[in-house]
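> Provided below are the primary sequence and the corresponding predicted coordinates.
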Amino acid sequence: MVLSLALMTFALMTVLYSYNTSKVNLESSKLQNTADNAAYSAATFIARDYNFKAYTNRASVANQVAIAQMVGLSSWFNMTDRFARNACNTLCWIPYVGNVINAIKNVVGPINRGVQQFVNVAVRVENVMLRGLSISQQIMHYAGAVSSIESTQDIVEANDPNSQLDLMQNPLMLQDVRHAWFTFQKRHSRTSRASRTQFNEFKQVTMASRDRFSSNRTYRLGSPWSGSIPFFKWKVIKAGGSDLISNGNRRAETWTSMDSISYHYKYWGCSWFRCRWRGYYEVPLGWGGTRSDTRANMNRVGNNRSWGASRSNNRSGSRLAARNQQRKGSYSGVQPFYGLSNSANRRSETDNISIVVSKEQNNLRTTSQINSQDTGVDPANDESLLGDRLSSLASAQAYYSRPRDLMMSTSAWARGDSRHEYGNLYNPFWQVRLAESTNSDRSVVYAITRFL
């Protein structure tokens, strides 16, 4: 009987030890899943914030291009109206032909006045939308930074009410959140010297995103508007385009547009010394110029490549267009926007978001929770966890990956040049993944937990 009692005591101790070990392992696995979910959730907030800013940056570019289209329509209709009036002044005395030209002039004039009123309102509306997009980025930026921490705490509580996200144990998380929101990305504006490169890049993206009508509407009309006969050649060139003019680092930009149509001719002539082609001589037929505000004067800005190389093709017509320029709307320039910082250049992932989730030892429900008069009987009585708690560390990160093929028949999402695309805030391709925690993160968590 004595031997049996000793054997039973040994068996009971073995069962208790096994129970405690399995319970701790089970709680550890559950706590690790909670930490993984919390880290993944925090990284998801970051990815959503980046994708929101990418969408709004694309929307800002689209609205900028819309203003370019509006001022382009204004100058184009002004040119058409001027062309109709010039044609009538020259040809309306001709029977029948003059009646047709006069009728066209009478139709074009009211249409142009209606278009100018519409453009004036549309530019103002687009400007309000651009301001709204810039403000929305700021609101989402700070709201996302705060919500990421609050929501992570909610995730921990939803997964395990007995677990906790102790901010004293999570200086890494606070540092990583700060890095993701305030170091990896920056708000760029023209007045910030550190952001000037990114701001100029945004303007280049905007200019490159113009449609064909806005970027270059210069072409040569075909026969019979252009042609040649012996000793005489002629051509009619329509020139124009819409450009974003920079007014310096302290003043907002201006959308400008110029359109002109001119008749050019040259002839074969002889002098005392030799015979040669003389010309081309230009006869302006129609012109129009529009700017979105009063900051840029088209007489003093631009070069021979501006407005579809208008000055190179129709010098006299461009001079008249600038002299008769009109202001439509009230444009406030390119608004501040969020983009990746200079330190994040050529990077496609954020630093790890490391989160520590813990559970008090009293909540583990091992045999140490059983009241016993004889402490030597309870194998869990002398259990010792670091900081009197069970802790789990998890890491996640947001990363940028442009999909090469999301359709069955074509690589519609792949780059046309097949080049690698680094992370940016122009395309919403930020995703989330769990990451391996670094040894330095583990050491920091161990040191902090030891003294809690």
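Yes, it's here.
> so which strand or helix has residue 190?
Residue 190 belongs to no helix or strand when assigned by DSSP states H and E.
> Please look at it and residue 334 and confirm they touch.
Yes. Residue 190 is within contact range of residue 334, at 7.1 Å (criterion: C-beta atoms under 8 Å). C-beta: built from backbone N, CA, C; applies to glycine.
> got the residue ranges for the strands in the stretch 101-250 of the chain?
163-164, 185-188, 219-220, 227-229, 232-245 (DSSP state E, counting those that start in this stretch).
> for the stretch 251-400 of the chain, same thing?
254-270, 275-291, 326-327, 337-340, 353-360, 389-400.
> Quick one: list the elements packing against the third one.
Identification of packing neighbours for strand 326-327 by 3 or more C-beta pairs under 8 Å, 6 or more residues apart in numbering; DSSP states H and E yields strand 275-291.
> Now do the strand it packs on: which elements does it pack against?
helix 2-91, strand 232-245, strand 254-270, helix 315-323, strand 326-327.
> relative to strand 254-270, how tilted is the first one?
Between helix 2-91 and strand 254-270, the angle comes out at 40 degrees (axes from the mean of the first three to the mean of the last three C-alpha atoms, to 10 degrees).
> angle of helix 2-91 against helix 315-323?
110 degrees.
> Between strand 275-291 and helix 2-91, find me the angle.
Here helix 2-91 runs at an angle of 120 degrees relative to strand 275-291 (the same axes, to 10 degrees).
> Pull the distance from helix 2-91 to the chain's centre.
Relative to its chain's centre, helix 2-91 lies at 15 Å (C-alpha atoms, centre = their mean, to the nearest Å).
> hey, what's in contact with both of residue 190 and residue 334?
199, 252 (C-beta atoms under 8 Å, 6 or more residues apart in numbering).
> which outside residues touch the helix or strand hosting residue 444?
Using DSSP H and E, the element containing residue 444 is helix 439-450. For helix 439-450, contacts defined as C-beta under 8 Å, 6+ apart pick out 168-169, 171-172, 352, 354, 356, 358, 386-387, 389, 391, 393, 395.
> which one of the helices and strands packed on strand 275-291 has the lowest average pLDDT?
Among the helices and strands packed on strand 275-291, helix 2-91 carries the lowest mean pLDDT, at a mean of 87.
> okay if I get the helices and strands packed on strand 275-291 as TSV plus distance to residue 291 and mean neighbour count?
Supplementary listing: the helices and strands packed on strand 275-291 in TSV, determined by distance: least, C-beta to C-beta, whole Å; neighbours: other C-beta atoms under 10 Å:
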stretch	distance to residue 291	mean neighbour count
helix 2-91	7	19
strand 232-245	8	22
strand 254-270	5	23
helix 315-323	10	21
strand 326-327	6	16
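> As TSV, these with distance to residue 163 would be great.
Converted to TSV, the helices and strands packed on strand 275-291 look like this (distance: least, C-beta to C-beta, whole Å):
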stretch	distance to residue 163
helix 2-91	5
strand 232-245	53
strand 254-270	55
helix 315-323	70
strand 326-327	62
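> Relative to residue 289, which of the ones you listed is closest?
helix 315-323 (4.0 Å; C-beta to C-beta).
> could I have the closest one exported to CSV, CA atoms only?
Provided in CSV are the C-alpha atoms of helix 315-323 (Å, rounded to 0.1, in the frame of the first residue of the first chain):
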residue,chain,number,x,y,z
ARG,A,315,5.2,83.4,-84.0
SER,A,316,2.9,86.2,-84.9
GLY,A,317,-0.2,84.3,-84.0
SER,A,318,1.3,83.4,-80.6
ARG,A,319,2.2,87.0,-79.9
LEU,A,320,-1.4,88.1,-80.6
ALA,A,321,-2.7,85.2,-78.4
ALA,A,322,-0.6,86.3,-75.5
ARG,A,323,-1.6,89.9,-76.0
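> sorry, back to before: please indicate which of the contacts of helix 439-450 are buried?
Among the contacts of helix 439-450, those classed as buried by 16 or more other C-beta atoms under 10 Å are 169, 172, 352, 354, 356, 358, 387, 389, 391, 393, 395.
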